[in-house]
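Undergrad: output the structure for:
(chains A and B)
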Amino acid sequence: MSSEMASAARPERYLQAVDSTAFGVVEKPLSTWERVANNAFARKAALLVLLALAWEGYARWLNNPLLFPTFSATIEAFLEAVESGVLPGRALTSLRVLLMGYGLGILCAAVLTTLAISTRIGTDLLELLTSMFNPLPAIALLPLALIWFGLGYGSIVFVIVHSVLWAVALNTHSGFLSVSNTLRMVGRNYGLSGLRYVGGILIPAAFPSILTGLKIGWAFAWRTLIAAELVFGVSSGQGGLGWFIYENKNQLEIPAVFAGLFTVILIGLVVENVIFRTVEHRTVRRWGMQS
Amino acid sequence: MMTTASRGGVAAQGRDRAVNGPLNGPLLDVRGVTLQYKTRDHLVTATYRVDFEVFRGDRFVLLGPSGCGKSTLLKAIGGYLTPVEGEIRLKGETVTKPGPDRMMVFQEFDQLLPWKTVAENVMFPLVASGRLAGAAARDKARDAIAMVNLASFADSLPHTLSGGMKQRVAIARAMAMEPDILLMDEPFAALDALTRRKMQDELLQLWDATGFTVVFVTHSIPEAIKVGSRVLLLSPHPGQVKAELNSLPRDAAAADAPGLLKLEQKIHALLFSDAVEAEEVAHVV
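TA: Numbers count the residues shown, from 1 in each chain, chains lettered A, B, ... in the order given. Coordinates of the predicted model:
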């Protein structure tokens, strides 16, 4: 009873919202420094500079150019090799083989996963093959590839396909499986089936996983390529980056060896941070499927 | 396209059906439908010998507690599930697979394709089903989006919209297709109470404008009375028809509060006459 009276005694409140001009900031742009610090690219660039400085410092302190050349010597050797046209040529050779193997690997993965989502036996086949071959290092197949395809592009492309195929297929398939049931039903509601269903619904809906697969596949392909070139290097007269590294090691041109490694890293950075990042921004981020 | 031309007439016919009777028989005929689905270790019977007929212009509500198989029934009408007994006929033809003549609106907010803008989402089924192409599809999509009051969001991506807006896009997408029948699976269940009410009003306004036929699934009695013109009550485990009622006329529903309350109580009594069992069900689910 008393509490009822207390609540009845409390007055009701009616207020007017204050106009926004009456108080300070509603929305204000961030300072330049804050915006730079928010930029992942700027932060990574800063880290790169720090790493380069650490390298330079350590190499100078070690003072043994045969074991560990300085950053500046490496850059010098790099620029020299670029100017002479040797390094770009080698990089181009490597990239050409790489793209061939990568493309072929993705194509095989597409066929396998399409088979896997349309039939149960296809799923079994994909699962079986991936569990068998995914752990098998591509380079272990190289001797066999050399017997089958000879000393040339063929055997390198073969091992690259092997290294790309399973990573991409596995990720794509698990992406397809995780597409929400609602989206599947929406697709079927539109009367889509077969390849139109895969292309119109499954692939975009599973794109985050597919992109991860493509990234992993790219890294595997790159590693396999350099390793394969180091093993038997020269093919049809012109070698790639792996051969460039091997050759310079034999001539004890250690800064050039580092320059070769530097190029491998540089291409990796560009592909990851420019190409894949752009794709990511234009697709999964824009679509709100990944934050 | 004939449907477009005759829309107004059809709507009027739907409203006056109680007086005039159907002209060409039911649009959707569900006859003796038993539905079963398998979980990991059970075979579940979702509905048992359910019969009902939906006529043009009906706002037909499937109402029942959780576990009465109303969503499963709607999926079967959508063609995602084949009855083990009985048949579902749309315009006299047995439903065998999903198709754009029965557009679905789901409860989930993720039913829009996240990689397409609002306009592209509405356009996609038009183009994919080969109904319209190019500029015609774009115009149709724009009209449908304007109808649900989202014209200024036509180029937004779904993840930037609120839940209510996403459901409106889903409705626009379905309406643009001008399906024979619109299937709505608790489309407003995941919305907050205020938005939900607004969406119910908007749906009725859309119906006033175009007079579409809709089968609407809900577990809310007030929603069923408000949205529906006819209400099918289902009992749980497995779903069987308990009753088929006429809802209140729309203008009456607002004015006639005692009548509304009486109908609500009547439906409640019908649904929960075996209250103990229903309570148990509610706990299990």
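
Undergrad: assumed residue B:89 was part of a strand.
TA: Yes - the assignment for residue B:89 is a strand, going by DSSP: H, G, I helix; E, B strand; the rest coil.

Undergrad: can you tell me how far it sits from chain A?
TA: 19 Å (Cβ to the nearest Cβ, to the nearest Å). The way it works is simple: take the backbone N, C-alpha and C, and place the C-beta from them, glycine included.

Undergrad: show the average pLDDT along stretch B:43-61.
TA: In this model, stretch B:43-61 has an average pLDDT of 86.

Undergrad: for residue B:102, give me phi and psi.
TA: phi -130, psi 80 (degrees, to the nearest 10).

Undergrad: quick one: secondary structure of residue 30?
TA: I went with chain A, as the question did not name one. coil.

Undergrad: that's the wrong chain, I meant chain B
TA: strand.

Undergrad: give me the number of residues near it?
TA: A count of neighbours around residue B:30, defined by other Cβ atoms under 10 Å in any protein chain shown, yields 25.

Undergrad: tell me how far residue A:288 lies from residue B:107.
TA: In this view, residue A:288 and residue B:107 are 20 Å apart by Cβ to Cβ, to the nearest Å.

Undergrad: so which helix or strand takes in the closest residue to residue A:126 other than its chain neighbours?
TA: In this structure, residue A:126 finds its nearest non-sequential neighbour in residue A:116, 4.0 Å apart by Cβ to Cβ, 6 or more residues apart in numbering or on different chains. Following DSSP states H and E, one finds residue A:116 within helix A:86-118.

Undergrad: mind listing what's buried along that helix?
TA: For helix A:86-118, the neighbour count (16 or more other Cβ atoms under 10 Å in any protein chain shown) marks A:87, A:90-91, A:93-95, A:97-98, A:100-102, A:104-106, A:108-110, A:112-114, A:116-117 as buried.

Undergrad: ok, now stretch B:160-169?
TA: Buried-residue list, stretch B:160-169, by 16+ other Cβ under 10 Å: B:161, B:164, B:165, B:166, B:167, B:168, B:169.

Undergrad: pLDDT of that stretch, averaged?
TA: What stretch B:160-169 shows for mean pLDDT is 87.

Undergrad: which one of the buried residues of stretch B:160-169 is nearest to chain A?
TA: residue B:161 (10.0 Å; Cβ to the nearest Cβ).

Undergrad: where in chain B is pLDDT low?
TA: B:1-24, B:252-255, B:274-285 (pLDDT under 70).

Undergrad: what of chain A?
TA: A:1-8, A:25-26, A:232-238.

Undergrad: number of residues surrounding the closest residue to chain B within chain A?
TA: At 2.6 Å from chain B, residue A:288 is the closest residue in chain A, using Cβ to the nearest Cβ. Residue A:288 has 14 neighbouring residues, counting by other Cβ under 10 Å.

Undergrad: how about it: what's its closest non-neighbour residue?
TA: Using Cβ to Cβ, 6+ apart, the closest residue to residue A:288 is residue B:159 (2.6 Å).

Undergrad: just residue A:110 next, same as before
TA: residue A:172 (7.7 Å).

Undergrad: list the helices and strands the helix or strand where that neighbour lies packs on?
TA: Secondary-structure assignment from DSSP H and E places residue A:172 in helix A:153-177. Judged by 3 or more Cβ pairs under 8 Å, 6 or more residues apart in numbering or on different chains; DSSP states H and E, helix A:153-177 is in contact with helix A:86-118, helix A:120-133, helix A:142-149, helix A:207-232.

Undergrad: could I get the ones you listed as TSV with distance to residue A:9?
TA: Shown next, in TSV, are the helices and strands packed on helix A:153-177 (distance: least, Cβ to Cβ, whole Å):
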stretch	distance to residue A:9
helix A:86-118	69
helix A:120-133	71
helix A:142-149	89
helix A:207-232	59
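
Undergrad: tell me which of these sits nearest to residue A:13.
TA: helix A:207-232 (49.0 Å; Cβ to Cβ).

Undergrad: just give me the neighbour total for residue 181.
TA: Using chain A. 11.

Undergrad: um, chain B though
TA: Around residue B:181 there are 21 residues (other Cβ under 10 Å).

Undergrad: how near is it to chain A?
TA: For residue B:181 relative to chain A (Cβ to the nearest Cβ), the value is 12 Å.

Undergrad: grab the nearest non-local neighbour of that residue.
TA: residue B:213 (4.8 Å).

Undergrad: could you measure from that neighbour over to chain A?
TA: For residue B:213 relative to chain A (Cβ to the nearest Cβ), the value is 17 Å.

Undergrad: what is the neighbour count of residue 199?
TA: No chain was given, so I picked chain A. Residue A:199, neighbours per other Cβ under 10 Å, totals 12.

Undergrad: was after chain B, sorry
TA: Residues near residue B:199, counting by other Cβ under 10 Å: 20.

Undergrad: which positions within the helix or strand hosting it qualify as buried?
TA: Using DSSP H and E, residue B:199 sits within helix B:193-210. Residues of helix B:193-210 classed as buried: B:195, B:196, B:199, B:200, B:202, B:203, B:206, B:207, B:210 (neighbour count, 16+ other Cβ under 10 Å).

Undergrad: among the residues you listed, which one sits closest to residue A:72?
TA: For the buried residues of helix B:193-210, the nearest to residue A:72 is residue B:195 (63.8 Å; Cβ to Cβ).

Undergrad: list the residues that contact the closest one.
TA: Residue B:195 makes contact with B:162, B:163, B:164, B:188, according to Cβ atoms under 8 Å, 6 or more residues apart in numbering or on different chains.

Undergrad: and residue A:83, by the same measure?
TA: No contacts exist for residue A:83 under Cβ under 8 Å, 6+ apart.

Undergrad: need phi/psi at it.
TA: Torsion angles, degrees, to the nearest 10, at residue A:83: phi -60, psi -40.

Undergrad: tell me who's in contact with the residue nearest the centre of chain A.
TA: The residue lying closest to the centre of chain A (Cα atoms, centre = their mean) is residue A:215, at 3.0 Å. Contact analysis of residue A:215 by Cβ under 8 Å, 6+ apart lists A:272, A:276.

Undergrad: next one: residue B:184
TA: Counted by Cβ under 8 Å, 6+ apart, residue B:184 has contacts B:104, B:105, B:214, B:215, B:216, B:217.

Undergrad: which SSE is it in?
TA: Under the criterion of DSSP H and E, residue B:184 resides in strand B:181-185.
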